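*Asks:* Structure for this input, please:
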Amino acid sequence: MSLESLVDEIRRRGEAELAEIEAATAAETAKIAAERDRRVREVRAAAARATELEVARETAQRLAAAKLEARKLLYEARETRMRSALGETRTLLADFTRSSAYPAVLKRMVAAATDALGKQVRISGRAEDASVLQKAAGKAYDPTPRAIVGGLVAETPDGSRRLNLSFDELLRLREDRVRELLA
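*Replies:* Numbers count the residues shown, from 1 in each chain. Okay, here's the model as predicted:
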């Protein structure tokens, strides 16, 4: 073999090896690019899922907060309406104390108090009701005025038992029932 053919053979082998190396490099580059693309898709998909979950969670939180705020506003409006209605009820009770039926109610209250606490009882009420209470209670009347809308307060002489029949107390004790009626 001649030197030229030997050089051609080395050149051909070198070119073949170079072509193999280039093909392997191209294949490895394609494999790396495919792996990179697959990982990018996975990361994007994971980020999209995480974003959707976060958006859903945030939406649920905002919706729950809005519902809570709506319930709070509704409760506050009802409570304002109730306070107004209870105020109107107190006004109506105060107006009732100026009616002609009020003295008869006071007399029935005095009778109920003496039945409940006995004959030895002290009865007090508003200063405006002094004459009616004195007539109804007689010696049991205590002239000390009470700051009440109407009605009376009865207690035993030793103060151990008390029956509060004032309109204020009766309304307070039945406030839940009144709220149900007004609702």
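
*Asks:* Which residue ranges make up the domains of the chain?
*Replies:* 1-96, 101-182 (automatic domain parsing).

*Asks:* what pLDDT, on average, does the last one get?
*Replies:* Within the predicted structure, the mean pLDDT of domain 101-182 is 87.

*Asks:* pLDDT score for the residue nearest the centre of the chain?
*Replies:* Central residue of the chain (C-alpha atoms, centre = their mean): residue 72, 5.2 Å from the mean position. The score at residue 72 is 95. That number is its pLDDT.

*Asks:* Same question for the one 3 residues further on.
*Replies:* You'll see residue 75 listed with a pLDDT of 89.

*Asks:* that older thread, of the domains of the chain, flag the one that's most buried.
*Replies:* Mean neighbour count (mean count of other C-beta atoms under 10 Å) peaks for domain 101-182 among the domains of the chain, with a mean of 16. (Each C-beta comes from the backbone N, C-alpha and C, glycine too.)

*Asks:* Is residue 110 located within a helix, as I assumed?
*Replies:* Yes - under DSSP: H, G, I helix; E, B strand; the rest coil, residue 110 falls within a helix.

*Asks:* leaving aside the residues next to it on the chain, what's closest to it?
*Replies:* Distances taken as C-beta to C-beta, 6 or more residues apart in numbering place residue 136 nearest to residue 110, at 4.3 Å, with adjacent residues excluded.

*Asks:* Tell me how far that neighbour lies from residue 128.
*Replies:* With the distance defined as C-beta to C-beta, to the nearest Å, residue 136 ends up 14 Å from residue 128.

*Asks:* Over to residue 78?
*Replies:* For residue 78, the distance to residue 128 equals 34 Å [C-beta to C-beta].
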